[in-house]
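Trainee: Have a look; sequence and predicted model below, questions after that.
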Amino acid sequence: MQSRLAAFVGAVLALVAVPGAFAQAPAKPALAIAQPKVSPAATDGAAQRGQPVELNRLVNSFAAQLIPEFMATGRFQAVARSDMDALQKEQDFTGSGNVDPNDPEAAQPGRIKGSRLLLVTTIDDFQDREERATFPGVDQAMTRRTVRLTASATLYDSSTGAVQASVTGEGSANTVLADPSGREVRGGAVTEPMVRDVAVALAKDLAKRVIAALPADGAMGGAGGAGSMAEQPLPERPLRTAVFVKDRAAVPADKVMVMNDFIVAGLDPRRFAVMSREDLLNAVARFAIQGENAGTESDPQKQLDRILSDEANAASLARAMGAEAMLLASLTSYQPATSDFKGQGIESKATTWTLTVTYRLTGVGTGLVYGAGIAQQSSIVRETPGLKQEVNPLDGLIQRCGMQVAQDASTKAATSAAFAAAASPASGIVVRAVMQDLRVPGIFLDQSNGQYVVSRTDYDLAPVAATVEVDGFVIGQQGQSLDMTPGPHKVRVSGSGFEPWERNVLVKPGMQLEVGLRMTPEAFARWQQQAAFLEGLKRGQALNDAEVDRIRAMADFIRNSRLVIDQQSNIKVDTNEAPTLVPAPWWPFGGGGAVPVVPVP
């Protein structure tokens, strides 16, 4: 338990201590350099001259110079491949119990860096030439000896076998020998300085030629990824986010909660305000306590897994927690693979444990996907002739996958315009509900003679009260100024006697949204029975007492149906009309007060 806590705290401190932990600079590509090969022609030539030992010295020196010369180009990170036996012995010693396992400097088995790029070199030619000059006057002869090594270098994409570059280079060195006797020295020992000079010159020439053959921007076919998206500005506030982890790999329940902890610890706090563990457990206790998703109150993780078996249930749970975004991670598999290896001076049996985690970052209510991805980490338990061990690698894999999910999700959020918009400050919009194809004439009192008349202008009916829900939360009533963040939202408007209206709406600041509601079939049938009388009225006619009583009853029916006349919907206005008409006090105009109309002469 203490070791898991220490690992967790260490990971958190690492994120805090490292500036720009959420925006890392791209690393140099790793380059594995194979041991140089020698062509049969070069081997035969050296044997014929009696110089196989000299050729071997040159090849070994050349191999030692390749790594420093290619690293000196600044384009690669070299990876060791020629000293695997020494590396294995150091790793085995770490696992022997004689080294502090908490020492960060201790070698870790199975962590040798992989390389997509592989450099293969071949010595094609080895020449050892002499040029002699004789000076008769002084009875002296001078000999200049030149040693030259020629090699080809091919840079491969080790996954696809595609050739990234193929070049040929050479290195040479010479020395002048005083030889008063004039005897032959061809085939003699090559001095150590000459060996080094030839090796350095050849390695340097090949490195220069390989770099020249690559694209200027360093992008190599098949080895690179897609260009990164532009990072969005930091939001005004972090988005309230619920983090859920569901188990599909049958790992212990406490490991699932540890994965949750590492994801929470690794998320960018500038963009995520993560809901607390207490909020999650309280929401689980209130949610789905019966039915197919029900769990047991004594096992909240089991109950949570059943709830998360359906992503719609997960969204409902996040909504119940008051979250704006949801990060749903799933442990999809945890499997071993065993292999036996013998080569490059080592012999081992390795079991590779791989943990795979998928995740999706979505908006709660809108269902908008801000980002998704896969985190996969592996750990190797290795046995060699000198080391036997039993290790459970799950804890380390949980930590690494959790941090990978968190950093990847943070990157997705940083480059998502929709995520940034969801965290923008709220702005007021107005939702106004009207009835579709449901209109009535205005009834007015003519103050000049005290009679009620029917106007020429028709008016839409509007609900007295309609509830507005945004992303599953009730935020107010229609006609009010409602605070909503810009961006995509799921808006639902509902009221008694009306069919709900639901749409995905791209909200903009200051927006006015007009929503057409329809009556339910039952309510519309009752309306038609009453509306037949209104349709028979003539425009501009004066009403008799019986008609006025009938219309008063109609007004009560409209009010009981929770409807009012929307004064904003009048079609025509006669600016020349004398303002002698006022709405009938019992006719259900929404705002009351005088309304200009166009009467029939």
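Mentor: It's in. Numbers count the residues shown, from 1 in each chain.

Trainee: quick one, phi psi at residue 113?
Mentor: Here is the backbone geometry of residue 113 (degrees, to the nearest 10): phi -70, psi 130.

Trainee: Nearest spatial neighbour of it, chain-adjacent residues omitted?
Mentor: The shortest distance from residue 113 to any non-neighbouring residue, by CB to CB, 6 or more residues apart in numbering, is to residue 79 (5.1 Å). In this view, the C-beta of every residue, glycine as well, is placed from N, C-alpha and C.

Trainee: so residue 109 touches residue 380, yeah?
Mentor: Yes. Using CB atoms under 8 Å, residue 109 is in contact with residue 380, at 6.1 Å.

Trainee: who's more crowded, those two?
Mentor: residue 109 (23 against 20; other CB atoms under 10 Å).

Trainee: and the gap between the closest residue in space to that one that isn't next to it in sequence and residue 111?
Mentor: In space, and not counting its chain neighbours, residue 109 is closest to residue 91: 4.4 Å by CB to CB, 6+ apart. Residue 91 sits 8 Å away from residue 111, going by CB to CB, to the nearest Å.

Trainee: can you check residue 266 too?
Mentor: Look at residue 266 and residue 111: by CB to CB, they are 20 Å apart.

Trainee: Next: residue 214.
Mentor: Taking CB to CB, one finds residue 214 at 28 Å from residue 111.

Trainee: higher neighbour count, these two?
Mentor: Higher neighbour count among residue 214 and residue 111: residue 214, with 15 against 9, using other CB under 10 Å.

Trainee: So that one sits against residue 166, correct?
Mentor: No. Counting by CB under 8 Å, residue 214 stays clear of residue 166, with 11.4 Å between them.

Trainee: what do those two both touch?
Mentor: residue 155 (CB atoms under 8 Å, 6 or more residues apart in numbering).

Trainee: Check the gap between the residue nearest to residue 502 when sequence neighbours are not counted and residue 472 for me.
Mentor: Nearest in space to residue 502, with sequence neighbours left out and distances taken as CB to CB, 6+ apart, is residue 492 at 4.5 Å. Noted for residue 492: a distance of 8 Å to residue 472, by CB to CB.

Trainee: Kindly report the same for residue 529.
Mentor: Distance from residue 529 to residue 472, by CB to CB: 37 Å.

Trainee: Equivalent analysis for residue 560, please.
Mentor: In terms of CB to CB, residue 560 sits 30 Å off from residue 472.

Trainee: So if I had to pick from those two, which one is more boxed in?
Mentor: Taking neighbours as other CB under 10 Å, residue 560 and residue 472 compare with residue 472 leading, 15 against 10.

Trainee: And the chain, what are its domain boundaries?
Mentor: Dividing the chain into domains by automatic domain parsing, as the record does, gives the ranges 27-128+146-173+189-213, 239-422, 427-583.

Trainee: In JSON lines: these, plus mean pLDDT.
Mentor: Formatted as JSON lines, these follow (pLDDT from 0 to 100):
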{"stretch": "domain 27-128+146-173+189-213", "mean pLDDT": "86"}
{"stretch": "domain 239-422", "mean pLDDT": "79"}
{"stretch": "domain 427-583", "mean pLDDT": "76"}
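
Trainee: related to what we said a few turns ago, who touches the residue nearest to residue 113 in this structure?
Mentor: 30, 31, 32, 33, 112, 113, 114, 115.

Trainee: what does residue 515 give?
Mentor: The neighbours of residue 515, taking CB under 8 Å, 6+ apart as the test, are 431, 432, 433, 434, 466, 478, 493, 501.

Trainee: Now the helix or strand containing it: buried residues?
Mentor: Using DSSP states H and E, residue 515 sits in strand 512-519. With burial defined by 16 or more other CB atoms under 10 Å, the residues of strand 512-519 counted as buried are 513, 515, 517, 519.

Trainee: Could you give the bridge partners of the third one?
Mentor: Which is residue 517. residue 435 (DSSP bridges).

Trainee: thinking it is in contact with residue 502, fair?
Mentor: No. Counting by CB under 8 Å, residue 517 stays clear of residue 502, with 11.3 Å between them.

Trainee: can you pull the buried residues of stretch 501-510?
Mentor: 501, 505, 507.

Trainee: Now do residue 70: how many residues are near it, please.
Mentor: When neighbours are counted by other CB under 10 Å, residue 70 registers 24.

Trainee: related to what we said a few turns ago, check the buried residues of strand 512-519 against residue 485 and report the nearest one.
Mentor: Nearest to residue 485 among the buried residues of strand 512-519 is residue 513, at 14.7 Å by CB to CB.

Trainee: helix/strand/coil for the residue nearest to that closest one when sequence neighbours are not counted?
Mentor: In space, residue 513 comes closest to residue 431 once its chain neighbours are excluded; the distance is 4.9 Å by CB to CB, 6+ apart. Here residue 431 is recorded as strand under DSSP: H, G, I helix; E, B strand; the rest coil.

Trainee: wait, isn't residue 455 in contact with residue 446?
Mentor: No. With contact defined as CB under 8 Å, residue 455 does not count as touching residue 446 (10.7 Å).

Trainee: Would you mind telling me which of those two has the busier surroundings?
Mentor: residue 455 (22 against 14).

Trainee: ok, then the element right after the helix or strand that contains residue 69?
Mentor: Residue 69 belongs to helix 52-71 when assigned by DSSP H and E. Remark: after helix 52-71, the chain's next helix or strand is strand 77-79, criterion DSSP H and E.

Trainee: right, and the helix or strand after that next one?
Mentor: helix 84-93.

Trainee: Contacts only, for the nearest residue to residue 37 once chain neighbours are set aside.
Mentor: Among residues not flanking residue 37 along the chain, residue 122 sits closest, at 4.7 Å (CB to CB, 6+ apart). Shown in contact with residue 122 (CB under 8 Å, 6+ apart): 36, 37, 38, 39, 151, 152.

Trainee: from the chain's centre, how far out does the helix or strand harbouring residue 122 sit?
Mentor: In this structure, residue 122 sits in strand 117-135 according to DSSP H and E. Mean-position distance between strand 117-135 and its chain equals 53 Å (CA atoms, centre = their mean, to the nearest Å).

Trainee: what sits against residue 233?
Mentor: Neighbours of residue 233 in contact, by CB under 8 Å, 6+ apart: residue 420.

Trainee: quick one: the helices in the stretch 451-600 of the chain?
Mentor: Under the criterion DSSP state H, counting those that start in this stretch, helices of the stretch 451-600 of the chain are mapped to 521-535, 545-560.

Trainee: can you put those in a markdown table and add distance to residue 145?
Mentor: Formatted as a markdown table, the helices of the stretch 451-600 of the chain follow (distance: least, CB to CB, whole Å):
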| stretch | distance to residue 145 |
| --- | --- |
| helix 521-535 | 107 |
| helix 545-560 | 115 |
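
Trainee: Perfect, I'm done here.
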